[in-house]
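**Student:** pasting the structure only:
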């Protein structure tokens, strides 16, 4: 059964200019042979990039049934949240609200060639990690990153980034369900009321120059990369797998803990690290989330505690050191 599911995953091998040059360099040179006439290298064929296709919620009915969880539309993406409300996580003496760092998310995108892409981020306890990973791999769902988003915390929690490319998204959704069924991930029961935030959100928005939003008890600001991001030959919709997030969890008196991640190209990494450390913000993890993204993107998870507006000023300077635009300004 697993072999059949595995065959739904597509691969698109592509020759590269580097590979062609390397092959030429490896060709034997015969002593005394005449030097061939110089000729221009053949031009690479332009890549045929595949665009995402706009869909509507009703297009994903079978995926919803297979996954066993309701989802919603975020532009091109069919998105399902699976927050770990069952976990009571403490980091740096702070009890972590679910919306700050414990939200599992999976998104499906349909492409103009009829294929589908899954990308996701799963919050998994250390005890669940191996069994969850086995279920993913058995169903042809790839793991592209495994790391921490928080410093010393209990219980031990890991974050996995998920990836699959298939003609039919339903077997992928069934594979996700099989994996999540091996964890304590509960059905989502969203809060019906928004608590009053003990934060000066207007001042935070003023610092960033962009409006944030409340997600239950957490105040969030989000940016996306300004340039086009590719996953192999697929154009990723803005906001899929390439976002910078700043999250504030109030701890009283206008103070907050902040946790999130920056998305950066290689040339931006060191500037962001310096800005955060000079501003007293702690570094957690620096890594990739994807395997075949272009441009190559790095992600930095961080932690800070203090006056929320002061923290926002440090984070703003780091945001401005990267090529991102506010999520609210994205129309694609």
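**Tutor:** On my side now, so go ahead. Nothing here was measured: the structure is a model prediction, and the numbers come from that model. Residues are numbered from 1 along each chain as shown.
**Student:** following the lowest-mean-pLDDT helix or strand in the chain, which helix or strand comes up?
**Tutor:** Ranked by mean pLDDT, DSSP states H and E, the helix or strand of the chain with the weakest confidence is helix 17-26, at a mean of 38. Remark: after helix 17-26, the chain's next helix or strand is helix 61-67, criterion DSSP states H and E.
**Student:** who does the helix or strand following that next one touch, helix- and strand-wise?
**Tutor:** Downstream of helix 61-67, the next assigned helix or strand under DSSP H and E is strand 72-74. Where contact means 3 or more Cβ pairs under 8 Å, 6 or more residues apart in numbering; DSSP states H and E, strand 72-74 is packed against strand 77-83. Just so you know, the C-beta spots here come from the backbone N, C-alpha and C atoms, and that holds for glycine as well.
**Student:** tell me what the strand it packs on is packed against?
**Tutor:** By 3+ Cβ pairs under 8 Å, 6+ apart, strand 77-83 packs against helix 61-67, strand 72-74, strand 103-110.
**Student:** Point me to the helix or strand that includes residue 249.
**Tutor:** Counting by DSSP H and E, residue 249 is found in strand 243-252.
**Student:** what's the offset of whatever helix or strand comes next after that strand from the middle of its chain?
**Tutor:** Downstream of strand 243-252, the first helix or strand assigned by DSSP H and E is strand 255-264. Put simply, strand 255-264 sits 14 Å off its chain's centre (Cα atoms, centre = their mean, to the nearest Å).
**Student:** What average pLDDT does the next helix or strand after strand 255-264 get?
**Tutor:** Going down the chain from strand 255-264, the next helix or strand is helix 269-278, by DSSP H and E. What helix 269-278 shows for mean pLDDT is 98.
**Student:** From what I see, residue 82 and residue 180 are in contact.
**Tutor:** Yes: assessed by Cβ atoms under 8 Å, residue 82 is found in contact with residue 180 at 6.5 Å.
**Student:** Quick check: neighbours shared by these two?
**Tutor:** 104, 122 (Cβ atoms under 8 Å, 6 or more residues apart in numbering).
**Student:** list the buried ones in the strand holding residue 249?
**Tutor:** 243-251 (16 or more other Cβ atoms under 10 Å).
**Student:** check contacts around residue 215.
**Tutor:** Here residue 215 is in contact with residue 99 (Cβ under 8 Å, 6+ apart).
**Student:** go again using 10 Å as the cut-off
**Tutor:** 83, 97-100, 103, 190-191, 194, 247 (Cβ atoms under 10 Å, 6 or more residues apart in numbering).
**Student:** Would you confirm that residue 146 belongs to a strand?
**Tutor:** Yes: the assignment for residue 146 is a strand, going by DSSP: H, G, I helix; E, B strand; the rest coil.
**Student:** From residue 129, how far out is it?
**Tutor:** 8 Å (Cβ to Cβ, to the nearest Å).
**Student:** Now the common contact residues for the two.
**Tutor:** Counting by Cβ under 10 Å, 6+ apart, the residues touching both residue 146 and residue 129 are 122, 158, 160.
**Student:** give me phi/psi at residue 179?
**Tutor:** phi -70, psi -50 (degrees, to the nearest 10).
**Student:** Quick one: neighbours of it, just the number.
**Tutor:** Neighbourhood size, residue 179 [other Cβ atoms under 10 Å]: 25.
**Student:** what's the answer for residue 167, then?
**Tutor:** 12.
**Student:** now do residue 168
**Tutor:** 14.
**Student:** Off-centre distance for stretch 63-78?
**Tutor:** With Cα atoms, centre = their mean, you get 17 Å for stretch 63-78.
**Student:** Mind listing what's buried along that stretch?
**Tutor:** 63-64, 66-67, 69, 71, 75-78.
**Student:** picking that back up, for residue 209, find the nearest of the helices and strands packed on strand 77-83.
**Tutor:** strand 72-74 (23.0 Å; Cβ to Cβ).
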